[in-house]
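K.L.:
The amino acid sequence is not available; the structure is as follows:
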């Protein structure tokens, strides 16, 4: 009897400890550790089965469940339950630091959350989401469910595009040490390029070597000062060059400061969601030159013709629900030449965000995008914005930078 009681108490303690741990992000010194334990609840397993059932025959076999995404999803469900409300649209960009804390470094992902009472209402709520996830190739999924008021429940789903496969990437390092990256990429992607960005600014671009197993590897010395470094990988995919990986590396930073930064954006209120497309364009133009002014870089001029091309690109991505530098086999540089725009150098930033503010935050959090904004060579920019929806809009944003040539 006593032995049985002790066993029951130990079991209860373990369950309570596990429950508490799943309610908050895990802050460790390493990204995506090789062992990540997460157990799905029965209703979470049922939710994933419903997702599979709603997917079309062409995509059903591609969906996978991921422990880290499940842990992040459950955290959000518990957070929304505590607040007593679920946002109409889950803030995508603001979740990136939260996903980093769980060791998720996928660049493209799509979250959703909803309240439900029955399985039938659950199916209706996620039909559109499954269609969008399938169309964008977001097949690595996490699900999390929490109890809500009035005998209802909250379900959160996060699906991502998992292209880079790597383990044991350091999160916290010391100045002067070397960041050694070793990774594989999914079939259909090739020629990865790594962008390193130190806290002091600037970008270093590297083409990784390949070993006999077909894995990519590179080494970068962290000697650009203390603070947050950014590491991004861009590779050639089915629709052209595509960002596939983004993480920060913290050098000589205190863990408490890292926690604070990672969680800042989860509850961030954004008041730029309701502005017009023209207002958003002006905001982004001012933001670009504000970033350049901080580093004593000459401002770029807003080019009307470039802005029209950028708008058409954003509109095309929105209407086709595709996101990439090449849509319908049309490259931006080819479009510019067809419009008799002469240039010696060009760059393009594209974003799909919930607000202009979040778009700029993401651009400045990406080495490659930030390099375009801060490159002193560029003197002209075109900005095109296409807004979908009013209450909880999606913002398709294109920025085109050029170094013009004289005729």
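P.N.:
Okay, I see it. Treat the numbers as computed from the prediction; the structure is a model and nothing was measured.

K.L.:
List the contacts of residue 208.
P.N.:
Residue 208 sits next to 181, 192, 194, 216-218 when contact means CB atoms under 8 Å, 6 or more residues apart in numbering. In short, each C-beta sits where N, CA and C put it, glycine included.

K.L.:
Sort out for me which of these are in strands.
P.N.:
Those of these mapping onto strands are 181, 192, 194, 216-218, per DSSP state E.

K.L.:
Next, the contact list for residue 125, please.
P.N.:
Residue 125 neighbours (CB under 8 Å, 6+ apart): 114, 116, 155.

K.L.:
Check residue 403 too.
P.N.:
Contact analysis of residue 403 by CB under 8 Å, 6+ apart lists 343-346, 377-380.

K.L.:
Wait, a strand at it?
P.N.:
Yes - counting by DSSP: H, G, I helix; E, B strand; the rest coil, residue 403 is located in a strand.

K.L.:
pLDDT score for it?
P.N.:
Residue 403 carries a pLDDT value of 95.

K.L.:
Now it. Nearest residue, chain neighbours left out?
P.N.:
Using CB to CB, 6 or more residues apart in numbering and skipping residues adjacent in sequence, the residue nearest residue 403 is residue 345, 4.2 Å away.

K.L.:
rewinding a little: show the buried residues in the ones in strands among the contacts of residue 208.
P.N.:
The neighbour-count test (16 or more other CB atoms under 10 Å) marks 181, 192, 194, 216, 218 as buried among the ones in strands among the contacts of residue 208.

K.L.:
Which residue ranges of the stretch 201-350 of the chain form helices?
P.N.:
Listed in chain order, the helices of the stretch 201-350 of the chain (DSSP state H, counting those that start in this stretch) span 255-264, 277-294, 304-320, 332-338.

K.L.:
hmm, who's touching the longest one?
P.N.:
Residues external to helix 277-294 that are found in contact with it (CB under 8 Å, 6+ apart): 272, 275, 298-300, 302, 307, 356-357, 359-360, 364, 370, 373-374, 381, 383-387, 395, 397, 399.

K.L.:
List the buried residues of that helix.
P.N.:
Here helix 277-294 shows 277, 280-281, 283-285, 287-289, 291-292 as buried, counting by 16+ other CB under 10 Å.

K.L.:
cool, and the third one?
P.N.:
The neighbour-count criterion (16+ other CB under 10 Å) identifies 306-307, 309-311, 313-318 as the buried residues of helix 304-320.

K.L.:
Can you lay out those residues as CSV showing distance to residue 133 and pLDDT?
P.N.:
Output for the buried residues of helix 304-320, formatted as CSV (distance: CB to CB, whole Å; pLDDT from 0 to 100):
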residue, distance to residue 133, pLDDT
306, 33, 96
307, 31, 96
309, 30, 94
310, 27, 94
311, 27, 95
313, 23, 91
314, 21, 91
315, 22, 91
316, 21, 87
317, 17, 85
318, 17, 85
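
K.L.:
sorry, back to before: which of the contacts of residue 125 tops the neighbour count?
P.N.:
Counting neighbours by other CB atoms under 10 Å, residue 155 leads these with 26 neighbours.

K.L.:
Wait, it touches residue 148, no?
P.N.:
No - Residue 155 is beyond contact range of residue 148, at 9.6 Å (criterion: CB atoms under 8 Å).

K.L.:
Dump the contacts of residue 208 to TSV, plus distance to residue 335 and pLDDT.
P.N.:
Conversion of the contacts of residue 208 to TSV gives the following (distance: CB to CB, whole Å; pLDDT from 0 to 100):
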residue	distance to residue 335	pLDDT
181	34	92
192	26	95
194	28	94
216	31	95
217	36	94
218	33	95
